[in-house]
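*Asks:* Any chance you can model this:
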Amino acid sequence: MAWIGRAALSLFAEVGRLGIYAGQVIGAALTPPWNLAQLWKQMIAIGFYSLPVVGLSAVFIGAALALNIYTGGNRFGAEQFVPNIVVLGITRELGATITGLMLAGRVTAGIAAEIGAMKVTEQIDALKTLSANPFRYLYAPRFLAACLTLPMLVLVADIIGVMGGWLVSVFALDFDSTTYIRNTMDFLTMDDVLVGLIKAVVFGAVIAIMGCYQGSKSKAGATGVGRAATLSMVGAAVLVLAANYMMSTLFVNIGL
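*Replies:* This next block holds a predicted model:
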């Protein structure tokens, strides 16, 4: 049974290393000076270039959610609650989670591959010899960019996802458009939107830290960089789902 102990110790050691690394990244991100040029570049790469995949994912999720809620509600004569549940599910849960998972695949792997390539070609070592702090120059801009752009993307996903539900409800399920929109707006509260945006900030931090962490640990060669990209994507996706559950539990307990 010694292997169980070794595995547990290895897991705890890895969690400790990740925690220390995350603390260093957050410390560098929250203290001046800030590299605004790198920050703007990363905001474009992470935020703007992710809009198509986030928009397409949101519209199909909203449409599928409306269809499934209608099917379930039809069994109990509760079809009229479709707009209420769609807007609640999108803003509090699916908008942030789907956006986080999409960016875990697109952004985290890209960050890990980029940082990993710099690591194996000794560009990070070159930065250190020039007295440039990699945490400030490389990691902090990606962290800040992800934390700033994720809420914007989630807001876009919320709007598009709700509209996806509206499209299916009006054109496939014979809902009245005016009534659907009025029910949606009457049921939606600022707290629902706020919950999704808070989740988005945390997901952005997870996505950036996992990408930078795995990239900075990358081994030499194409295989090492590819492995770092894969591990970062899987780790970020799992942590996004875990963080989502923990925050949902917290918000329910505090009545938000």
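
*Asks:* so how far is Gly215 from Pro141?
*Replies:* Going from Pro141 to Gly215 by C-beta to C-beta, to the nearest Å gives 14 Å. For glycine as for every other residue, the C-beta is placed from the backbone atoms N, C-alpha and C.

*Asks:* More neighbours: which of the two?
*Replies:* Between Pro141 and Gly215, counted using other C-beta atoms under 10 Å, the more crowded position is Gly215 (30 against 24).

*Asks:* how close does the more buried one sit to Val252?
*Replies:* If you go by C-beta to C-beta, the gap between Gly215 and Val252 works out to 35 Å.

*Asks:* now swap in Ile26 and tell me
*Replies:* Separation of Ile26 from Val252 (C-beta to C-beta) stands at 27 Å.

*Asks:* Which one's more surrounded, those two?
*Replies:* Counted by other C-beta under 10 Å, Ile26 and Val252 do not tie: Ile26 has more neighbours, with 18 against 10.

*Asks:* Now that one. Nearest residue, chain neighbours left out?
*Replies:* Taking C-beta to C-beta, 6 or more residues apart in numbering as the measure, Ile26 lies nearest to Phe143, with 7.1 Å between them; neighbours along the chain are not counted.

*Asks:* Isn't that neighbour up against Tyr213?
*Replies:* No. Between Phe143 and Tyr213 no contact is recorded; they are 10.8 Å apart, counting by C-beta atoms under 8 Å.

*Asks:* where along the stretch 1-150 of the chain do the strands fall?
*Replies:* Per DSSP state E, counting those that start in this stretch, the stretch 1-150 of the chain carries no strands over any range.

*Asks:* low pLDDT regions in it?
*Replies:* 1 (pLDDT under 70).

*Asks:* average pLDDT across the strand or helix carrying Ser232?
*Replies:* Following DSSP states H and E, one finds Ser232 within helix 222-254. Averaging pLDDT along helix 222-254 yields 88.

*Asks:* Number the chain from 41, please
*Replies:* In the new count, where the first residue is 41, that last one comes out as helix 262-294.

*Asks:* Check which residues of that helix are buried.
*Replies:* If you call a residue buried by 16 or more other C-beta atoms under 10 Å, then helix 262-294 has these buried ones: 264-265, 267-269, 271-277, 279-280, 283-284, 287, 291.
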